[in-house]
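Participant: got a structure for you, letters missing:
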């Protein structure tokens, strides 16, 4: 195998920063409806509802031994773009939480959830915990 030389750039080419590349990958790959994402309706607290793409993780909780006689509900986590056009730039949780409407089960009836917590955030995406 030979050693490759430096990448040749054409006039007008611009380099993307790592942060820009993360945001582009979030929008073009992960939040692609033909790949991983599905449409949800996101309403910022006090704002207008709009449809955006999200990766939705629907999880069922299993009771532990100490909770054997309790009914535990499932949790929903979503990943959305941290972008004004494709997602949201800020997230409200708690008493003035943003709302997200999505089916509880794939193909099911849409249910309204509220943002309970921000699990993670980077340059490209938000990772949010939702609850009813």
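Facilitator: In hand now; what should we look at? These numbers were taken from a predicted model, which means no experiment stands behind them.
Participant: Name every strand pairing with the one helix or strand residue 119 maps to and say which way it goes.
Facilitator: Assigned by DSSP states H and E, residue 119 belongs to strand 110-121. Within its sheet, strand 110-121 is paired with strand 99-103 (antiparallel), strand 125-131 (antiparallel), according to DSSP bridges.
Participant: of those strands, which approaches residue 76 most closely?
Facilitator: Smallest distance to residue 76 across those (Cβ to Cβ): 4.4 Å, for strand 125-131. Yep, even glycine has a C-beta here, placed from its N, CA and C like the rest.
Participant: Report the buried residues of that closest one.
Facilitator: Across strand 125-131, burial judged by 16 or more other Cβ atoms under 10 Å covers 125-130.
Participant: Could you do stretch 103-112 as well?
Facilitator: For stretch 103-112, using 16+ other Cβ under 10 Å, no residue counts as buried.
Participant: what residue ranges in this protein score low on pLDDT?
Facilitator: For the chain, the stretches flagged by pLDDT under 70 are 1-14, 22-23, 25-30, 32, 34, 60-74.
Participant: What ranges does it have for its helices?
Facilitator: Secondary structure of the chain (DSSP state H): helices at 18-25.
Participant: Spell out for me which residue occupies the centre of it.
Facilitator: residue 79 (1.5 Å; Cα atoms, centre = their mean).
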